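1. Quick one, fold the following:
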Amino acid sequence: MIDELINFYKTIPNLWELSKARIAKQWRWFALPAAVALILLILLVIVTKVAGITDITVARWYYRLTGLTTFIFFWAGVRHAYYYFKQDVVVMKMFKMSPYFHVALISVIYAVLMWVINLIILLTTPVNIDSSVFGTILYGVMSLPLMFVVASILGLLAVLYRRTRILFYSLVIISFLLVPILYIPSHTGSVWTHLIMLNPVCYLVKGSAEANVIGLTSVSNIAYHLYECLLIAIGFVVIYALNRYVAYHKFEVTPHSDEMDDETSRGNSKNKAGKVEDKDKKETTRERSVNQEPHEEQVGQGNKIGSSTDTNSKSTQTVDKTVREQIKRSVETSEYK
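-> Here you go, the predicted structure:
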């Protein structure tokens, strides 16, 4: 653990240069959420002044706009941070550098941008709406570790599985339905209010919106702050476990890798020896078969020669018999005469 910290401290300059070059190329990812939030704010200011809407309705729309801005910046930062995490894990491992530095830097940038936009929204609210700069700063700071945890977990899952983006978009849709943007919960403490408060993203959205519209009341729920800190701590434990699991599973590293290598090498040597013996046996059988073929051919030729000699001897014997018979006949006829 100490060696990793020392190595991380030594590689910070290289990581900083790499992150600056990457952020300079990906500036559109940071400018797009800010542009969308500012356009929505301008439209809200124009509509509220032209239409002459009551203060309560204006407060509700500012509540929704602040929550929507927080929601957009949070998930845009998570998507930007985890999208390149798979590539960083492979590349950084070769140079013994941490892939989490870039995730932390992106989380800081999006948290600062989110706080700046929420502060701009706070300055444009009407005078009779209570606001809290401290609450805006608090929820901007709390968004940083939560963004880092969610992006790191999704990045580690992306190393193991290909279709992590389906999980990402599912989380975006579900969390959007469970945050007070479309539906603003009442302060009476209904069941639906307690259910949506279990969503960790709701902590940021609800807190930032209440800080811009209600004021310091958004910071008074200490139990909710402790609940969010507990979820963030559990997220860091999950990151620690997944990091080791990815290292063992993706790069095929096991705690007893040396013993496994010895056993596999022994098994491979045995298999190689068995294969060599099988090859030797096959070669000897081939040689025997090759040697037997000419021998069989020689034997066959000898048999043919023997049979031919036998037939020749038989033919000579028959010729001799016929000659002898003719001689006898000629002698007998001569005597008769």
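2. so what's residue 104 up against?
-> residue 148 (C-beta atoms under 8 Å, 6 or more residues apart in numbering). C-betas here are computed from N, CA, C, even on glycine.
3. Just the pLDDT for it.
-> Per-residue confidence (pLDDT) for residue 104: 88.
4. any idea which helix or strand comes after the helix or strand hosting it?
-> Element membership for residue 104 (DSSP states H and E) is helix 100-124. Next in sequence after helix 100-124, counting helices and strands by DSSP H and E, comes helix 133-160.
5. and that following helix, average pLDDT?
-> On average, helix 133-160 scores 90.
6. cool, stretch 38-50 as well?
-> On average, stretch 38-50 scores 89.
7. Likewise for stretch 197-210?
-> pLDDT averaged over stretch 197-210 gives 89.
8. what are the C-alpha coordinates of that stretch, in CSV please?
-> Extracted in CSV, the C-alpha atoms of stretch 197-210 (Å, rounded to 0.1, in the frame of the first residue of the first chain):
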residue,chain,number,x,y,z
MET,A,197,-34.9,10.2,-0.6
LEU,A,198,-33.3,6.8,-0.6
ASN,A,199,-31.9,7.7,-4.0
PRO,A,200,-28.4,9.2,-3.5
VAL,A,201,-28.8,11.4,-6.5
CYS,A,202,-31.9,12.8,-4.9
TYR,A,203,-29.7,14.1,-2.0
LEU,A,204,-27.9,16.4,-4.5
VAL,A,205,-30.9,17.4,-6.5
LYS,A,206,-33.2,18.1,-3.6
GLY,A,207,-30.5,19.8,-1.5
SER,A,208,-29.3,22.1,-4.3
ALA,A,209,-32.8,23.0,-5.3
GLU,A,210,-33.8,23.8,-1.6
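9. buried residues in it?
-> For stretch 197-210, burial by neighbour count (16 or more other C-beta atoms under 10 Å) applies to 197, 199-210.
10. Redo these as TSV? Include secondary structure.
-> Shown next, in TSV, are these (DSSP: H, G, I helix; E, B strand; the rest coil):
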residue	secondary structure
197	coil
199	coil
200	helix
201	helix
202	helix
203	helix
204	helix
205	helix
206	helix
207	helix
208	helix
209	helix
210	helix
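11. how close does the closest residue to residue 219 other than its chain neighbours sit to residue 208?
-> Spatial nearest neighbour of residue 219, chain neighbours left out: residue 135 (5.1 Å); criterion: C-beta to C-beta, 6 or more residues apart in numbering. Here residue 135 is placed at a distance of 8 Å from residue 208 (C-beta to C-beta, to the nearest Å).
12. what residues are up against residue 34?
-> So residue 34 contacts 113, 117 (C-beta under 8 Å, 6+ apart).
13. secondary structure element for it?
-> helix 27-51.
14. can you state the direction angle for the following helix or strand past that helix and helix 27-51?
-> Once the chain leaves helix 27-51, the next helix or strand it forms, by DSSP H and E, is helix 55-83. Orientation of helix 55-83 against helix 27-51 (axes from the mean of the first three to the mean of the last three C-alpha atoms, to 10 degrees) gives an angle of 170 degrees.
15. I'd like to know which elements helix 55-83 is packed against.
-> helix 27-51, helix 100-124, helix 133-160, helix 164-177, helix 200-213 (3 or more C-beta pairs under 8 Å, 6 or more residues apart in numbering; DSSP states H and E).
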